[in-house]
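[1] would you be able to build a 3D model of this:
(one chain, ligands or ions: 1)
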Amino acid sequence: MLKKFKQAALQSLKTSGVSTLVHNSRWRRQRLLILAYHGVSLSDEHLWNGSQFISPNTLRSRLELIKQSNCTVLPLGEAVERLYINDLPDRAVAITFDDGTSDFGRRAWPLLQEFELPATLYLTTFYSEYQRPVFDLMCSYLLWKGRDAVLDLKQLTGQDLRTELTDNDVREHALSQIHAFARERKLSAEEKDQLAASLAAHLGVDYDALIAERVMYNLTAGEVAQLAHEGADIQLHTHRHRTPKDRALFLREIEDNRHSIEGMTGRPTSHFCYPTGRYDPMFLPWLTEAAVVSATTCEAGFASRSSHRLLLPRFLDSESLSSIEFESWLTGVSMALPRRRVGESASAGSMA
Ligand SMILES: [Zn+2]
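    Residues are numbered from 1 along each chain as shown. Modelled structure (predicted):
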């Protein structure tokens, strides 16, 4: 109901010309919209999780809207620099992708190149080095792919859970049980991979076909190198997709991530994105210590000069967002309407 009301309100603001006024306003000129994406579907991933994956068609329509709206898309580093010296161009936008699943190279990057738009990829590197599916993502996807089957965890993990999987909440619960099992048993990456394969077999999902398509894989080091060579900006997202609340461990995550990325691209890294959008004030001095010059969250909003440069808000686009809502973010009209807080989904949690 709220969504319908919101869309009608946005439509009337557009028709009355208010959207254009805001779009061209001084308020908008002093603000940077940082867009956030994760994956772009190889097949049906956006139907499984529309905030984690969008379809190629949706991404194409977004890029068309950005072009039509006369927004200026800047490379992230330049955008942040110009934000703080009050030198943003009109309707400034930066485009970011998180994680680095293999579809970035096959789906997102060709579209970005077609539209000649710069983008930053915040790459988590563990699964770029270990070329098997990202365990958390794959388990969540398998539970959805096998949603017509009956899951009996007794046969897989020994846990006492037998359930149908048609309901999303039930699937989330089953996923949390599988995570708990992997955590408590301290399963290695290889053991987790075995467990994902067993889960697929148990649910009757063709795992070999997913492996062959590299579904839920991260980009290889060679692919990252090629993307960087073609102009993609590859930046920090931690090595294991986590932010320990311990200085040494936190710094190690950045260091391992940086070492891995710079080894692939030969380029320096100084921009960071909080995995799963989770941040804590204790991280800020550690990021400064690690020579990180900007960090982005998943808090929905526009970055302005008063934003902390290590807590820059972003707008997380999703498959379910209508074109008029997306446009309202480009113009800035969105800030006049009630919003839900948007964050990464639970299934986008720890990736290692
Ligand atoms: Zn992430």
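[2] test my guess that residue 54 contacts residue 41.
    Yes. In this structure, residue 54 is within contact of residue 41 by CB atoms under 8 Å, at 7.0 Å. Placement of C-beta: from N, CA and C, glycine included.
[3] the more surrounded of the two?
    residue 54 (27 against 23; other CB atoms under 10 Å).
[4] and residue 197, what does it touch?
    Residue 197 is in contact with residue 207, counting by CB atoms under 8 Å, 6 or more residues apart in numbering.
[5] which helix or which strand is home to it?
    Following DSSP states H and E, one finds residue 197 within helix 189-203.
[6] now that helix: how far from the chain's centre is it?
    Computed by CA atoms, centre = their mean, to the nearest Å, the chain-centroid distance of helix 189-203 equals 24 Å.
[7] which positions within that helix qualify as buried?
    Neighbour-count burial for helix 189-203 flags 192-193, 195-197, 199-200, 202-203 (criterion: 16 or more other CB atoms under 10 Å).
[8] now residue 130: how far from residue 175?
    21 Å (CB to CB, to the nearest Å).
[9] wait, residue 270 touches residue 293, no?
    Yes. With contact defined as CB under 8 Å, residue 270 counts as touching residue 293 (4.7 Å).
[10] just give the number of residues close to the nearest residue to residue 274 once chain neighbours are set aside.
    Excluding the flanking residues, the one nearest residue 274 by CB to CB, 6 or more residues apart in numbering is residue 297, at 5.7 Å. The number of residues packed near residue 297 is 22, by other CB under 10 Å.
[11] swap in the one 5 residues further on?
    Using other CB under 10 Å, residue 302 is surrounded by 22 other residues.
[12] who's in contact with the residue nearest to it when sequence neighbours are not counted?
    Leaving aside its chain neighbours, residue 302 sits nearest to residue 31 (3.9 Å; criterion: CB to CB, 6+ apart). Neighbour list for residue 31: 88, 92, 302-304, 332 [criterion: CB under 8 Å, 6+ apart].
[13] please repeat the previous calculation with a cut-off of 10 Å.
    25, 83, 88, 91-92, 301-305, 307, 332, 335 (CB atoms under 10 Å, 6 or more residues apart in numbering).
[14] can you tell me how far it is from the ion?
    To the ion, residue 31 is 24 Å away according to CB to the ion, to the nearest Å.
[15] before we move on, back to that, mind putting the buried residues of helix 189-203 into CSV with pLDDT and distance to residue 46?
    Formatted as CSV, those follow (pLDDT from 0 to 100; distance: CB to CB, whole Å):
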residue, pLDDT, distance to residue 46
192, 96, 25
193, 95, 24
195, 97, 25
196, 97, 21
197, 97, 24
199, 97, 22
200, 97, 20
202, 96, 25
203, 96, 20
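[16] now the residues you listed in a markdown table, with distance to residue 232?
    Formatted as a markdown table, these follow (distance: CB to CB, whole Å):
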| residue | distance to residue 232 |
| --- | --- |
| 192 | 29 |
| 193 | 27 |
| 195 | 33 |
| 196 | 28 |
| 197 | 31 |
| 199 | 33 |
| 200 | 31 |
| 202 | 38 |
| 203 | 35 |
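[17] which ones are touching the residue nearest to the spatial centre of the chain?
    Nearest to the geometric centre of the chain sits residue 38, at 3.1 Å (CA atoms, centre = their mean). Taking CB under 10 Å, 6+ apart as the criterion, residue 38 is in contact with 45, 49, 51-54, 96-101, 103-104, 108, 122, 137, 316-318, 344-345, 348.
[18] off-centre distance for the host helix or strand of residue 261?
    Applying DSSP H and E as the criterion places residue 261 in helix 247-265. Relative to its chain's centre, helix 247-265 lies at 19 Å (CA atoms, centre = their mean).
[19] any weak-confidence spans in the stretch 201-350 of the chain?
    Residues of the stretch 201-350 of the chain meeting the criterion pLDDT under 70: 336-350.
[20] the residue of it found nearest the ion: how many residues sit nearby?
    Going by CB to the ion, the ion is nearest to residue 275 of the stretch 201-350 of the chain, at 4.6 Å. Neighbour count of residue 275, defined by other CB under 10 Å: 23.
[21] quick one: it and residue 250 touch, right?
    No. Assessed by CB atoms under 10 Å, residue 275 is found out of contact with residue 250, at 11.4 Å.
[22] list residues touching both of these two?
    Common contacts of residue 275 and residue 250 (CB under 10 Å, 6+ apart): 238, 242-243.
[23] could these be laid out in a markdown table, adding neighbour count, distance to the ion and secondary structure?
    Below are the shared contacts of residue 275 and residue 250 laid out as a markdown table (neighbours: other CB atoms under 10 Å; distance: CB to the ion, whole Å; DSSP: H, G, I helix; E, B strand; the rest coil):
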| residue | neighbour count | distance to the ion | secondary structure |
| --- | --- | --- | --- |
| 238 | 27 | 8 | coil |
| 242 | 18 | 10 | coil |
| 243 | 23 | 11 | coil |
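[24] export those residues to a markdown table and tack on distance to residue 215?
    Listed next are those as a markdown table, based on distance: CB to CB, whole Å:
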| residue | distance to residue 215 |
| --- | --- |
| 238 | 23 |
| 242 | 23 |
| 243 | 26 |
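[25] which strand runs longest in the chain?
    strand 92-99 (DSSP state E).
[26] does that strand reach the ion?
    Yes. Judged by CB under 5 Å from the ion, strand 92-99 and the ion are in contact via 98-99.
[27] neighbouring strands for that strand, and are they parallel or not?
    strand 32-37 (parallel), strand 72-73 (parallel), strand 120-123 (parallel) (DSSP bridges).
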